[in-house]
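Visitor: need a structure here:
(2 chains)
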There are 2 protein chains.
Amino acid sequence: MEYSGWVESGNLIPNAYPKVEWSKEATSLIDGGWGWGQSASYLATETVIASARKYGTATVVLSRTNHVGRLGEYVDLISQAGMMGIAFCNTGGPIVAPFGGVKRVLGTNPYAWSIPGADNYNYVLDFSTAVVAAGKIILAGMSGESIEPGSLIDKNGQPTTNAADLADGGSLLAFGGHKGSGLSVLIDLAAGILSGNMPAAISDSGFGNGTIFMAVDISRYATPELFRSVASKFEAIMHNAGKPDSVLMPGEFEYKTKLDREVAGISVSSGVRENILEIAEKYGVDPLNLREISRK
Amino acid sequence: MEYSGWVESGNLIPNAYPKVEWSKEATSLIDGGWGWGQSASYLATETVIASARKYGTATVVLSRTNHVGRLGEYVDLISQAGMMGIAFCNTGGPIVAPFGGVKRVLGTNPYAWSIPGADNYNYVLDFSTAVVAAGKIILAGMSGESIEPGSLIDKNGQPTTNAADLADGGSLLAFGGHKGSGLSVLIDLAAGILSGNMPAAISDSGFGNGTIFMAVDISRYATPELFRSVASKFEAIMHNAGKPDSVLMPGEFEYKTKLDREVAGISVSSGVRENILEIAEKYGVDPLNLREISRK
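Guide: Numbering: from 1, shown residues only, chains lettered A, B, ... in the order given. Below is the predicted model of the structure:
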């Protein structure tokens, strides 16, 4: 219920339109107007593609925006246009301890990177710089499950697999030791300062996603045919590097999941379903036949 | 003795000059002429800075070059110019197995990222996408030490801490599971194809570093004063997030090491010292008083 809750609390202005605040050569700034992060991100994506088409490469910073959703979606669109896409954002509310530390300093600051693929899908990498999402730990805590070792420390900085330690002042860990922690630090500073959102530990609002989008038009350096042909050979080598189906290209799992869901539909947990129905009733909108489907 | 060996084998043309092959708006291609990767990388760095000064952001691809050295050095120079710098390259000779795989597909494909710092040094992140460098495993094997768990698999894909398993058909692992492996895949494809160097598993030569440099002029979005002031606050929060000296900013360790070495000199292993002296004698050049110093 986060999105509707943000609207109710006034943090998200549902009828705000994002706009291009300024464009100067290959750089632009988008003002999200504190509306939906998704519509602001689509505008940023269109802008970075058009600008990279003209200048060969482009950078767009997105400011004053709420949760942007899944970054992989935007870099995928950039690669759909024949380009390499990079997107990263800082997230409000420190919950990750930096490498070597005990206290929460960083958000879960995701990073996404995409290039065109050989065939049906682009090679989209999209990850949180935390080992696991905070949501997964909270869910594990609710169901009494223990957490994967190496994901969490307690308030004293000791490694723990007890999900309850997060609520008791613990911190998530960054993936990959000092490397993932370093990525998170640079995302927080670069995206935080350039967007004006500020790093999570400094921001007053503790809210929003300062986001940077970058694109490079691959056709300046290689024809789409060459790129696809090399990618195709590379993909075959990857698929042959282990047991069948054990090695995947970035984005391959998500592509297959999408194909499955186009046939079987998207399953949601009963908790999420109840949330959707509750909000739909509250606002008097069509609940997408969820109640109907759930009866079958 | 790798560098002089490459000159002797004809892979490295020592008197080749790198040149800007073409520049078009915010994109350029540098032809390294198969000379020293370092001089080609300095030209690429100067080019990406000048281009980003004009267009706000820029991308430069470096082709036909030998080993570029430490990428952190170039992004550090980009940040010295008040910019965010990104550099990554693919490396010849597959030695890393992709996540979930057994066979060698990827090089150690490093990634570097830098932003200006608060004070005396820039925040420079520079890492191999392999858990550890192949050189460290070879050294451990020579001295009979065991390897950090999670760095290496044997030829059957089983985790091992026995360094000798690398020479026996084993593979290094990528850092951070599927996340680091995905970064390595995208580096290999993007830098490999755009530079013409080709991904390691496809390249005929098994040689050279296809490299991409990117820069964003931060002053388009934030004044240097604002950037420094926020970075300074952030750095203080980081340093306070654990025990004294336990949490470092990216590049801080390298900066302190540099200060130490400016006073104490650079210590080299006896093996490296002997190599340098041997090559100096062979080519009749001044051996930097290494013999003298080693006698003290």
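Visitor: what's the weakest-modelled helix or strand in chain A?
Guide: Ranked by mean pLDDT, DSSP states H and E, the weakest helix or strand in chain A is helix A:290-295, scoring a mean of 50.
Visitor: Tell me where chain A has helices.
Guide: Applying DSSP state H to chain A gives helices spanning A:2-9, A:37-55, A:71-80, A:134-142, A:164-167, A:177-195, A:224-239, A:252-264, A:270-283, A:290-295.
Visitor: what's near enough to touch A:Gly176?
Guide: Neighbouring residues of A:Gly176 by CB atoms under 8 Å, 6 or more residues apart in numbering or on different chains: B:Phe175, B:Gly176, B:Lys179, B:Gly180. All C-beta spots, glycine's among them, are computed from the backbone N, C-alpha and C.
Visitor: ok, now A:Val131?
Guide: Contacts of A:Val131 (CB under 8 Å, 6+ apart): A:Glu148, A:Gly150, A:Ser151, A:Leu172, A:Leu173, A:Ala174, A:Phe175, A:Gly180.
Visitor: Dihedrals phi and psi, the nearest residue to the first one once chain neighbours are set aside?
Guide: Just to be clear, that refers to A:Glu148. The shortest distance from A:Glu148 to any non-neighbouring residue, by CB to CB, 6 or more residues apart in numbering or on different chains, is to A:Val132 (6.5 Å). Per-residue torsions, A:Val132: phi -130, psi 160 (degrees, to the nearest 10).
Visitor: List the residues that contact A:Val132.
Guide: A:Val132 makes contact with A:Ile147, A:Glu148, A:Ser151, A:Leu172, according to CB under 8 Å, 6+ apart.
Visitor: So which of these wins on neighbours?
Guide: A:Leu172 (27 neighbours; other CB atoms under 10 Å in any protein chain shown).
Visitor: about what we covered before: could you work out the most separated pair of the contacts of A:Val132?
Guide: Largest separation among those by CB to CB: A:Glu148 and A:Leu172, giving 11.4 Å.
Visitor: wait, doesn't A:Lys54 sit right on B:Ala26?
Guide: No: using CB atoms under 8 Å, A:Lys54 is not in contact with B:Ala26, being 9.1 Å away.
Visitor: so what's in contact with these two at the same time?
Guide: Common neighbours of A:Lys54 and B:Ala26, using CB under 8 Å, 6+ apart, are A:Ala26.
Visitor: and the two? which has more neighbours close in?
Guide: Ranked by neighbour count (other CB under 10 Å), A:Lys54 and B:Ala26 place B:Ala26 first, with 31 against 13.
Visitor: Not counting sequence-adjacent ones, nearest residue to that one?
Guide: Going by CB to CB, 6+ apart, B:Ala26 has B:Tyr55 as its nearest residue, at 3.9 Å.
Visitor: neighbours around that neighbour, how many?
Guide: Neighbour count of B:Tyr55, defined by other CB under 10 Å: 24.
Visitor: Identify the residues contacting it.
Guide: Neighbouring residues of B:Tyr55 by CB under 8 Å, 6+ apart: A:Glu25, A:Ala26, A:Thr27, A:Tyr55, B:Glu25, B:Ala26.
Visitor: Let me have these in JSON lines, adding distance to A:Tyr17 and pLDDT as columns.
Guide: Listed next are the contacts of B:Tyr55 as JSON lines, based on distance: CB to CB, whole Å; pLDDT from 0 to 100:
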{"residue": "A:Glu25", "distance to A:Tyr17": "25", "pLDDT": "98"}
{"residue": "A:Ala26", "distance to A:Tyr17": "24", "pLDDT": "98"}
{"residue": "A:Thr27", "distance to A:Tyr17": "21", "pLDDT": "98"}
{"residue": "A:Tyr55", "distance to A:Tyr17": "26", "pLDDT": "98"}
{"residue": "B:Glu25", "distance to A:Tyr17": "30", "pLDDT": "98"}
{"residue": "B:Ala26", "distance to A:Tyr17": "29", "pLDDT": "98"}
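Visitor: so which of those residues comes closest to A:Gln158?
Guide: For the contacts of B:Tyr55, the residue nearest A:Gln158 by CB to CB is A:Thr27; the value is 45.0 Å.
Visitor: The closest one pairs with what?
Guide: On the basis of DSSP bridges, A:Thr27 is bridged to A:Lys24, A:Thr59.
Visitor: Done for today, thanks.
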